[in-house]
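> Show me how the following folds:
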Amino acid sequence: MKASIFAALIVGGAVIANSAQAQTQESEPAKASGPEYQLFLMGDEMALCSSMAWTHCNDTDWLDGDSMRTDRYINLSDNYVKPMLDDDLWPAHRHETRDDVKMAIEILYERMRSEVVPERSFQEEFTRRATRHLYDSLSEREWNLIVDHLEMPAPKGKHDTARINLTKVRAKRDILQAMLVQADQVRSGDDMPRIAIAAAGARDPITAAEPFISAFVSLGAEVRWLPIDAAVNTAQRTGKCDDLDEIREEELGTWKRARVFPNQHKQQLEFCKAPLQGAKIIDWADAVLIVGNEPNLVRKAFLDPLSQPTDLMTSIYLKMRANKLVVGATSDAMNAMTARSMVASGTSAEALRAGAIAGEAPPFACNKDDSCPRNMNAESTTYHPLGGVGLLSQATLDGQFAELGRHGRLLRVAATTNTQLAVGIDTRTALAVNVLNGNFKVLGERGVFFGIGAQQTETAVAATFHYLVGGASGQMTDNSVRNIKLAEGEGVVQEQPTTRFLNNRGMVDSLRLLCQKRDSFNLVQNEFRLMVVGDESTKRQKAGGECQVTDARIGVSWQPETW
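Numbers count the residues shown, from 1 in each chain. Predicted structure coming up:
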C-alpha cells in the first residue's frame, strides 16, 4: 500500500514544476556597483592545507616545526588528568566510564613512557588493543572533555599556518579565490580586500579560525579575526565576560581554552567587554567568512534567545544588503544563513522513519552516554522553525549534500515546514548568490540540488528538482528557480559510482542514466527506496562526468513491510 502511495506522490501533478520557470536563457547581470555576488554558500568544510592539517597538502616540504604549530600536545601528568576526572564533569551514571578512562590513561602512559605526547599518538594508542572498546563507548562530548583537559598551551609565536596554493582539492582554492575577487569589488579594487574570519560554527573557534586567517593572508588579503561565538554572545548579553572560559563549557562544549590559547582568550575577553567592536570590524571589512559545522552554534552567536539579531548581525545584514559586504559560510554552518526553516541535524533514513522535529539538535553520538533528548536519538532530523540568521530569504539550505545522501532530510524539513524551495550544496562546491536579485552561479567541481514544492506522506517525501553543476547559473525566487543556464565543459570530477543514496552519492551518480535516454530509475538501500522520474519537460545535459537535469522529480520512501 505504501509503495503505491509513494509512486503516486512522485508522479502526481502536485509536484510537477511549471517548466516555464526553467527558461534556459542567461540571467541579466546585476547593474548595481560593487560585488556581483554577496553570499557564498560553501557545501564543503573547506579544510585547507596547513601545518596542523598536512594530510590536505600536495607537498609537505615547507613544514617547519620550529616556526609553525604542527600538533596539539597532550600532558598525562596528574596536574592535567585529575581535573578532568572531577565528579561534576561526569554524570553519575557515567562515573564507571570515568574510572575506566582513568585506568586507560595509566595504560597509555605505560605504553608511551612519556608525560607529553602528540594528540595523534594519544588517539592512536587509545584506539588500540585493551582501550579500543572504551574509546568506542565514549560520546563526542566525553572525548572532547578528555582531550581539552589534557591539551597543553599552544607554543608562543607558533600558529597553524596554511598554504592555500598547496591544498590538494583545487575547487577549494578556486572557491576562496572567487570570494576574494568579489570582496575586491566592494571598494573597486583600490586596496587589498579586507576579510574578517568568524569561526562561529565551530566547537573550538580559536583553533578553527587560524588556518583561514593564514590562508587569506597568503592570497594577499588584509585579515582580522572576528572573535564572536555562542559563548561570547552569551557572556556579552548577560554581562558575564569575566566568566567566558566557564561559559564556553556550557555553550560550546570546550574546556580550558584560556589555558591553551591565553592571547586569543584575552582578545575575546576584550571583544566581549566592548560591544561596539564587532560593528567596527564589519564596517572595516569587505568580506566575512563564517566557518564551522554546527548551524545551531551560528544561530547562538548572532541571535539572542528570542531569535532576534544582535547588533553585530544587523550590521552584517545591512552592509550586505547595501552591496558593501560579501559573506561566505562553510559546511553545515552554511545552513544557518537562511531566513527559512533551518536544517539542524539528522540523517535521511531517520527523517523518513520518524519525520522532522522542531527543536535543538541532539548531541552528537548522544546514544553512547544517554544524553539524547526525550523522543530523539543520535540521528534524529531536527530543524529550527524560526530559521537561521536571515541572509538568504528564498530557501532552506543543507551542506555536504550528495556525499552524505541528505536528500531525504532536506526534503522532509521542506515538506514539514511548507518551504517551497530547498537547496542542497555538495562538497567541493559553492553557490554564489546575489541576494538583491536572486541571481546565482554554481562554483567548484560538483553540484547543487534545488528541490521545489516538496510534499510528504508519513513515510515518503517527493519534489520536483533541478541538479546543476559547476559553471551553471540561474535565478532563485521564493518558490522556484528560473533563467537556468546549464554548465558546459569537463570541469566536473568523475567519482567511482555507487548506488548507495542514504549516506553517499548514489542519487547523483545514477542521474547519469537520465543523460543516457532513460526516463526513470529506482535505487534500493536496506528498507528505503529512491525513485527519479523525467519526462518531456525534463532537460538533460552532460558536464564532465555528471548529468545536469531540470524539471525532473524525486521521491524517497521508507518501506519496511516489503523486506
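
> As CSV, could you dump the C-alpha coordinates of stretch 324-338?
Provided in CSV are the C-alpha atoms of stretch 324-338 (Å, rounded to 0.1, in the frame of the first residue of the first chain):
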residue,chain,number,x,y,z
LYS,A,324,29.1,46.7,0.5
LEU,A,325,29.9,43.3,2.1
VAL,A,326,30.5,39.7,0.9
VAL,A,327,29.6,36.9,3.3
GLY,A,328,30.8,33.3,3.0
ALA,A,329,29.8,30.3,5.1
THR,A,330,31.2,26.7,5.1
SER,A,331,29.7,23.3,5.5
ASP,A,332,26.8,23.0,7.9
ALA,A,333,27.4,26.5,9.3
MET,A,334,26.1,27.4,5.9
ASN,A,335,22.6,26.0,6.8
ALA,A,336,22.3,28.9,9.3
MET,A,337,22.4,31.6,6.5
THR,A,338,18.7,31.0,5.7
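
> Which helix or which strand is home to Asn233?
helix 230-238 (DSSP states H and E).

> in the next helix-or-strand element following that helix, what's buried?
The element immediately downstream of helix 230-238 (helix or strand, assigned by DSSP H and E) is helix 244-251. Residues 244-245, 247-249, 251 are the ones in helix 244-251 that count as buried (16 or more other Cβ atoms under 10 Å). To be clear about C-beta, it is placed using only N, CA and C from the backbone, and glycine gets the same treatment.

> Pick the one among the residues you listed closest to Ala329.
Using Cβ to Cβ, Glu251 comes nearest to Ala329 of those, at 19.4 Å.

> Pull up the gap between the closest one and Leu352, please.
32 Å (Cβ to Cβ, to the nearest Å).

> ok, longest strand in the chain?
Longest strand of the chain, by residue count under DSSP state E: strand 546-558.

> Which other helices and strands does that strand contact?
Applying 3 or more Cβ pairs under 8 Å, 6 or more residues apart in numbering; DSSP states H and E, one finds that strand 546-558 makes contact with helix 2-11, helix 348-354, helix 407-416, strand 447-456, strand 460-469, strand 528-533, strand 539-543.

> on contacts alone, who are the packing partners of the second one?
Meaning helix 348-354. The helices and strands touching helix 348-354, judged by 3+ Cβ pairs under 8 Å, 6+ apart, are strand 381-384, helix 407-416, strand 460-469, strand 528-533, strand 546-558.

> Quick one: closest of the ones you listed to Val433.
strand 460-469 (13.0 Å).

> The closest one: what's the following helix or strand?
strand 473-476.

> what comes up buried for that next one?
For strand 473-476, the neighbour count (16+ other Cβ under 10 Å) marks 473-476 as buried.

> same thing with stretch 524-532?
Residues of stretch 524-532 classed as buried under the neighbour-count rule (16+ other Cβ under 10 Å) are 525, 527-532.

> For the stretch 51-200 of the chain, which segments count as helices?
78-84, 95-112, 119-126, 132-137, 140-150, 170-184 (DSSP state H, counting those that start in this stretch).

> Domains of this structure: list them as residue ranges, please.
As given by automatic domain parsing, the domain ranges for the chain are 1-24+341-424+447-563, 73-150.

> Pick the most buried one from those domains.
domain 1-24+341-424+447-563 (a mean of 20; mean count of other Cβ atoms under 10 Å).

> so how far is it from its chain's centroid?
From the chain centre to the centre of domain 1-24+341-424+447-563 is a distance of 17 Å (Cα atoms, centre = their mean, to the nearest Å).

> now stretch 74-81
Offset of stretch 74-81 from its chain centre (Cα atoms, centre = their mean): 33 Å.

> for stretch 166-184, same thing?
Offset of stretch 166-184 from its chain centre (Cα atoms, centre = their mean): 17 Å.

> which secondary structure elements does the helix holding Asn233 contact?
Contact here means 3+ Cβ pairs under 8 Å, 6+ apart; on that basis helix 230-238 packs against helix 244-251, helix 262-272, helix 295-302.

> hey, C-alpha coordinates of the next helix or strand along the chain from the first one in CSV?
This means helix 244-251. As assigned by DSSP H and E, the chain's next helix or strand after helix 244-251 is helix 257-260. Output in CSV follows, covering the C-alpha atoms of helix 257-260 (Å, rounded to 0.1, in the frame of the first residue of the first chain):
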residue,chain,number,x,y,z
ARG,A,257,40.7,27.4,26.2
ALA,A,258,42.1,30.3,28.3
ARG,A,259,45.0,28.0,29.3
VAL,A,260,45.6,26.7,25.8
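
> and helix 257-260, average pLDDT?
Confidence over helix 257-260 (mean pLDDT, whole number) is 97.

> elements contacting it?
helix 244-251, helix 262-272.

> In CSV, list those helices along with distance to Ala430.
As requested, the helices and strands packed on helix 257-260 are exported to CSV (distance: least, Cβ to Cβ, whole Å):
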stretch, distance to Ala430
helix 244-251, 28
helix 262-272, 28
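
> right, and those - which one's nearest Met179?
Using Cβ to Cβ, these put helix 262-272 closest to Met179, at 23.8 Å.

> Please export the C-alpha coordinates of the closest one as PDB.
Output of helix 262-272 as PDB, limited to C-alpha atoms (Å, rounded to 0.1, in the frame of the first residue of the first chain):
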ATOM      1  CA  PRO A 262      45.900  32.800  26.500                       C
ATOM      2  CA  ASN A 263      46.400  35.500  23.900                       C
ATOM      3  CA  GLN A 264      43.300  34.700  21.900                       C
ATOM      4  CA  HIS A 265      41.300  34.400  25.100                       C
ATOM      5  CA  LYS A 266      42.400  37.900  26.000                       C
ATOM      6  CA  GLN A 267      41.300  39.100  22.600                       C
ATOM      7  CA  GLN A 268      37.900  37.500  23.000                       C
ATOM      8  CA  LEU A 269      37.600  39.000  26.500                       C
ATOM      9  CA  GLU A 270      38.400  42.500  25.200                       C
ATOM     10  CA  PHE A 271      35.900  42.000  22.400                       C
ATOM     11  CA  CYS A 272      33.200  40.800  24.800                       C
END
